[in-house]
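K.L.:
no sequence for this one, just the structure:
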């Protein structure tokens, strides 16, 4: 058995689904070994079916702890903000609970897409439609790459966002804004003029997308740092929150979108 739990130990519990839509729980242990090196081990993955109740999750958690003889040895458990996870830890009566800050940032950032500004929501919808067209059409993508080469740019595909990850929407807007000159040239060709229109976006001023990307870059970096599996990230939490609070305090010169 590994020489674990020599100094301090953290436990991470996460739920996920496979491509076959089967539900799983994975349990990971993070610890510092006797040489003060950060280590990480997956202790087990359990498939589950039925309702994801706190009682069911608590039962699986206790099974893993018993299998590895860890009862009373885990000092901190990190889970997402779901109520069933919180209940599972309470029922299992194990350790302290540390909510996942990356998950918290994801939830908070997702709310930015519900800003009550008509032009903002419309622009997001139109950009997704354009990106979807290029993703579904090999010919359109070839035309885009041709224009990228003409502008001496790398041949990059447009990014389609995923509804469950806010930073994928940020990535979509960032790539779209960076490749807008090539997109404009591609859309101007005879083959695409009738299929894709940039006019609505241009009429509403594309500056809001650029403004959003610039504003949320700090949150993207924070999420990436918190997702590290080779650094002890708990020490970053308070400094990171202070920096985010300072950045997101409204100022008089802010635009309506930024506010």
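P.N.:
In hand now; what should we look at? Note that the structure is predicted; figures quoted are calculated from it, not measured.
K.L.:
what ranges of this structure fall below the confidence cut-off?
P.N.:
Applying pLDDT under 70 to the chain flags residues 1-21, 199-205, 229.
K.L.:
What residues does the residue nearest the centre of it make contact with?
P.N.:
A centroid search over the chain (C-alpha atoms, centre = their mean) returns residue 165, at 4.3 Å, as the residue closest to the centre. With contacts defined as C-beta atoms under 8 Å, 6 or more residues apart in numbering, residue 165 is in contact with residue 106. Glycine gets a C-beta too; all of them are placed from N, C-alpha and C.
K.L.:
Backbone dihedrals for it, please?
P.N.:
Main-chain torsions, residue 165, degrees, to the nearest 10: phi -130, psi 110.
K.L.:
partners of it in the sheet?
P.N.:
Note on residue 165: beta-bridge partners residue 162, judged by DSSP bridges.
K.L.:
what about it, distance to residue 41?
P.N.:
Using C-beta to C-beta, to the nearest Å, we find residue 165 at a distance of 26 Å from residue 41.
K.L.:
Tell me which residues of stretch 101-109 come out buried.
P.N.:
101-103, 105-106, 109 (16 or more other C-beta atoms under 10 Å).
K.L.:
cool, stretch 113-133 as well?
P.N.:
115, 119-120, 123-124, 126-127, 130-131, 133.
K.L.:
Could you list the residues in contact with that stretch?
P.N.:
So stretch 113-133 is contacted by 140, 158-161, 166, 169, 172-173, 176, 183, 195-196, 198, 200-201, 204, 206, 208-209, 256-257 (C-beta under 8 Å, 6+ apart).
K.L.:
thinking again about what came up before, quick one: which of the buried residues of stretch 101-109 is nearest to residue 191?
P.N.:
Nearest to residue 191 out of these is residue 109 (C-beta to C-beta; 36.8 Å).
K.L.:
Give me the three-state assignment for that closest one.
P.N.:
helix (DSSP: H, G, I helix; E, B strand; the rest coil).
K.L.:
contacting residues for the residue lying closest to it once chain neighbours are set aside?
P.N.:
Of all residues not flanking residue 109 in the chain, residue 166 sits nearest, at 4.0 Å (C-beta to C-beta, 6 or more residues apart in numbering). Taking C-beta under 8 Å, 6+ apart, we find residue 166 in contact with 106, 109-110, 112-113.
K.L.:
10 Å instead?
P.N.:
Residue 166 makes contacts with 105-113, 216, 219-220, 223, as judged by C-beta atoms under 10 Å, 6 or more residues apart in numbering.
K.L.:
and it, how far is that from residue 54?
P.N.:
26 Å.
K.L.:
thinking again about what came up before, any chance of the buried residues of stretch 113-133 in JSON lines, plus secondary structure and distance to residue 154?
P.N.:
Shown next, in JSON lines, are the buried residues of stretch 113-133 (DSSP: H, G, I helix; E, B strand; the rest coil; distance: C-beta to C-beta, whole Å):
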{"residue": "115", "secondary structure": "coil", "distance to residue 154": "32"}
{"residue": "119", "secondary structure": "helix", "distance to residue 154": "31"}
{"residue": "120", "secondary structure": "helix", "distance to residue 154": "29"}
{"residue": "123", "secondary structure": "helix", "distance to residue 154": "25"}
{"residue": "124", "secondary structure": "helix", "distance to residue 154": "25"}
{"residue": "126", "secondary structure": "helix", "distance to residue 154": "25"}
{"residue": "127", "secondary structure": "helix", "distance to residue 154": "20"}
{"residue": "130", "secondary structure": "helix", "distance to residue 154": "19"}
{"residue": "131", "secondary structure": "helix", "distance to residue 154": "17"}
{"residue": "133", "secondary structure": "helix", "distance to residue 154": "21"}
